[in-house]
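S.K.: below are the sequence and a predicted model for it; my questions follow.
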Amino acid sequence: MELKNHFVHELHQYLQEYMTKKDIEQLIEIPKKPELGDLAFPCFTLAKILKKSPAKIAEEITFQISNNYFSKVVAVGPYINVFAERKPFTSKVIHEILNKNLSYGNDKIGHNKTIIVEFSSPNIAKPFSMGHLRSTVIGNALGKLAQKLGYKTVKINHLGDWGTQFGKLITAYLLWGNEEKVKENPIEELFKLYTKFHHESETFPSLNEEGRKWFKKLEDGDIKALELWEWFKNESLKEFKKIYSLLGIQFDSWAGESFYTDKMEDVIQELKDKGLLQTSDHAEVVFLEDYNLPPCLVKKSDGATLYATRDLATAIYRKNTYNFTKALYIVGHEQSVHFQQIKAVLNEMGHEWAQEIHHIPFGLYLQEGKKMSTRKGRVILLEDVIEEVIQLAEENISEKNPELQNKTEVAKMVGVGAVIFHDLKNFRMNNIEFSLKDMLTFEGDTGPYVQYTHARACSILRKAPIHDTNKFTLENLNIDDYSWEIVKQLHVFPEKIKQAFDRFDPSIIAKYLLTLAQHFNKFYGQVKILEKNEGLVFRLALVKAVTIILKEGLNLLGIQAPEEM
């Protein structure tokens, strides 16, 4: 960031009449070929303003830039390219990382601010499938990024434990359920009943009406309905917590939809008092024509509430309880209109903070090009996938490093890391075709590749004859091109953290780690790191800095970094 800031400052000295510092910063690029420079500024935007060719502008500005911070400033066609002074720059970056250790990249942007992150939020009585993985790992990573930037972060698992589907499940259980079977294998049996309900309702549509009646009974406090619902919920939570434990994920709140059932009436009353609630086809709605949105349905004709009713109550409760600066909802893109409606209704109610509610959508896991569906029984269980990957990782480790002491523990780190990284290396809006083969590839753009790079770097440090890596000086710095590419990558880590958070995109960190690992492995292949000469201390300091950033980068994604593999 410091290198870029200095470049921005120098350019702004000349361009302040035409561009702000922010405008300049957004245009700065990293040249594709290292030999062209460390940073570049394209002059195309200025061509119209100054009525000169971009190449001529680049040539003129180049002469205005001070060489105090750069070893060289050159015009390359329409670009102004700068080369950093390698030795002082490298010394500063490496010393800062070694001194700050895992806190390198920490920031105070979020000081005294609270962020709510709602993620995972599986439905009770349904298996935890691959379809739930995206919200779970994206939300966990965004929560970690927020904490890194100084925010107080409240991680919420908003369980799907209320709604018409429970009326359907209760109906299915009363018609076809077997208590002993459900007790023996709760999630599997309840899932079978739920699937059967939807299959049967295609032939007998009256089942849907029966399901709605049972949900209304549940809302009205019917004892039988509440007993069954409580049982289904408790059994589901046991299964969910096993999976969260495997993934290493924790929550600050498990308050699901049912928690807000006694808070909805106040919201409905407020909507009435403010003249926002209107009757349409015997249902109660808020019209949102001014927002180019369909009406928001708040109460059905039978008096039952909906997702929208609960989400309105949820948002107001969270604002009153946590006074959040931002609230992130990590929910699939198919819910985009729903969240636009929620924000619009809150805005109509006079809650200006609704603008700080952010729906973070994401693509789907596909199976043979089709969406996974619990209703149709087309689902891959996440627990099965994780366990299979861990087993494969253990086999792989046993083959490559049979003497490794804690194989089982490392295999779990590698297996879970493979699953999480496979998801987070993709931009969140992209769909992902489920492929166990791709997930289990232990080479290339994978989590195990980054983890192995970290373990390799740790191994070098264990073998090193020197362990105090802080004592390198400018005089004994010998910065070859391979070292320099690593230093530049290390330098941008804090910037990548901010980018990933600002764009709500953890794939920025995953891709960054892959690039850093690739540069380190080139360095490892080309440089005799442990050779005893005056550059040894610096090379070890560089290796130590790489271990710190790889470990912390993986941690931000919710992945552990083994020191041996």
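M.R.: Looks like it came in fine.
S.K.: going forward, measure contacts and count neighbours with C-alpha atoms only.
M.R.: Noted.
S.K.: distance between the ends of stretch 515-535?
M.R.: 24 Å (C-alpha to C-alpha, to the nearest Å).
S.K.: quick one: average pLDDT of that stretch?
M.R.: Averaging pLDDT along stretch 515-535 yields 94.
S.K.: what's the local residue count around Q355?
M.R.: Residues lying near Q355 (other C-alpha atoms under 10 Å) number 13.
S.K.: ditto for T441
M.R.: 15.
S.K.: what's in contact with the helix or strand where R134 lies?
M.R.: Assigned by DSSP states H and E, R134 belongs to helix 133-148. Applying C-alpha atoms under 8 Å, 6 or more residues apart in numbering, the contact partners of helix 133-148 are 105-107, 110, 115, 117-120, 152-155, 249, 330-332, 362, 364, 382, 420, 423-424, 428, 497, 500-501, 504-506, 556-558.
S.K.: could you flag which of those are buried?
M.R.: Among those, those scoring as buried are 105-107, 110, 115, 117-120, 152-155, 330-332, 362, 364, 382, 420, 423-424, 428, 497, 500-501, 504-506, 556-558 (criterion: 16 or more other C-alpha atoms under 10 Å).
S.K.: what about the contacts of helix 133-148, which are in strands?
M.R.: Using DSSP state E, the subset of the contacts of helix 133-148 located in strands is I115, V117, E118, K152, T153, V154, K155, I330.
S.K.: ok, which pair from these is furthest apart?
M.R.: K152 and I330 (17.7 Å; C-alpha to C-alpha).
S.K.: kindly list the longest helix within this structure.
M.R.: When the chain is parsed with DSSP state H, its longest helix is helix 223-247.
S.K.: partner strands of the helix or strand containing F83 and their direction?
M.R.: F83 is part of strand 79-84 when elements are defined by DSSP H and E. Partner strands and pairing direction for strand 79-84 (DSSP bridges) are strand 39-42 (antiparallel), strand 70-76 (antiparallel).
S.K.: of those strands, which approaches K217 most closely?
M.R.: That would be strand 39-42 among these, by C-alpha to C-alpha, at 65.5 Å.
S.K.: distance between that closest one and the chain's centre?
M.R.: 30 Å (C-alpha atoms, centre = their mean, to the nearest Å).
S.K.: can you list the buried residues in the helix or strand just after it?
M.R.: Using DSSP H and E, the next helix or strand after strand 39-42 towards the C-terminus is helix 44-50. Buried positions in helix 44-50, judged by neighbour count with 16+ other C-alpha under 10 Å: F44, L46, A47.
S.K.: how close does the residue nearest the centre of the chain get to K463?
M.R.: Geometric centre of the chain, nearest residue: I138, 2.9 Å, by C-alpha atoms, centre = their mean. To K463, I138 is 37 Å away according to C-alpha to C-alpha.
S.K.: how close does the residue lying closest to I508 once chain neighbours are set aside sit to G139?
M.R.: With sequence-adjacent residues excluded and distances taken as C-alpha to C-alpha, 6 or more residues apart in numbering, I508 is closest to A500, at 5.5 Å. Separation of A500 from G139 (C-alpha to C-alpha): 12 Å.
S.K.: for E485, same thing?
M.R.: 31 Å.
S.K.: who has more neighbours out of those two?
M.R.: G139 (27 against 18).
S.K.: so where's the chain shaky on pLDDT?
M.R.: 1, 304-305, 372-379, 440, 442, 474-476 (pLDDT under 70).
S.K.: before we move on, the earlier item: list just the nearest of the buried residues of helix 44-50 to K238.
M.R.: F44 (59.3 Å).
S.K.: what sits against that closest one?
M.R.: Here F44 is in contact with S53, P54, P78 (C-alpha under 8 Å, 6+ apart).
S.K.: what's the distance between the last one and H358?
M.R.: This points to P78. From P78 to H358 the distance is 39 Å (C-alpha to C-alpha).
S.K.: do the first one as well
M.R.: Using C-alpha to C-alpha, one obtains 42 Å as the distance from S53 to H358.
S.K.: tell me the contacts of A344?
M.R.: L288, Y291, A354.
S.K.: related to what we said a few turns ago, okay, the angle between the helix holding R134 and strand 114-118?
M.R.: 170 degrees (axes from the mean of the first three to the mean of the last three C-alpha atoms, to 10 degrees).
S.K.: could you dump helix 133-148 to CSV, C-alpha only?
M.R.: What follows is helix 133-148, C-alpha atoms only, in CSV (Å, rounded to 0.1, in the frame of the first residue of the first chain):
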residue,chain,number,x,y,z
LEU,A,133,-21.7,-25.3,2.2
ARG,A,134,-21.6,-22.0,0.3
SER,A,135,-23.4,-19.8,2.8
THR,A,136,-21.5,-21.5,5.6
VAL,A,137,-18.0,-20.9,4.4
ILE,A,138,-18.5,-17.6,2.7
GLY,A,139,-20.2,-16.2,5.8
ASN,A,140,-17.5,-17.5,8.1
ALA,A,141,-14.8,-16.0,5.9
LEU,A,142,-16.5,-12.6,5.8
GLY,A,143,-16.9,-12.7,9.6
LYS,A,144,-13.2,-13.3,9.9
LEU,A,145,-12.3,-10.6,7.5
ALA,A,146,-14.5,-8.1,9.4
GLN,A,147,-12.7,-9.1,12.7
LYS,A,148,-9.3,-8.6,11.0
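S.K.: before we move on, back to that, now, which of the contacts of A344 sits nearest N208?
M.R.: L288 (29.0 Å).
S.K.: number of nearby residues for the closest residue to N347 other than its chain neighbours?
M.R.: For N347, ignoring the flanking residues on the chain, the nearest one in space by C-alpha to C-alpha, 6+ apart is A354 at 6.0 Å. Residue neighbour count, defined by other C-alpha under 10 Å, stands at 21 for A354.
S.K.: secondary structure class for A354?
M.R.: helix (DSSP: H, G, I helix; E, B strand; the rest coil).
S.K.: would you mind measuring from it to K22?
M.R.: Taken as C-alpha to C-alpha, the span from A354 to K22 is 27 Å.
S.K.: just the strands in the stretch 151-300 of the chain please.
M.R.: 152-156, 278-280, 283-286, 296-299 (DSSP state E, counting those that start in this stretch).
S.K.: for those strands, give me JSON lines that also has distance to T473.
M.R.: Formatted as JSON lines, the strands of the stretch 151-300 of the chain follow (distance: least, C-alpha to C-alpha, whole Å):
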{"stretch": "strand 152-156", "distance to T473": "39"}
{"stretch": "strand 278-280", "distance to T473": "74"}
{"stretch": "strand 283-286", "distance to T473": "68"}
{"stretch": "strand 296-299", "distance to T473": "65"}
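S.K.: which one of these lies closest to E85?
M.R.: Of all the strands of the stretch 151-300 of the chain, strand 152-156 comes closest under C-alpha to C-alpha, at 38.2 Å.
S.K.: check contacts around K72.
M.R.: Per C-alpha under 8 Å, 6+ apart, neighbours of K72: V82, F83, A84.
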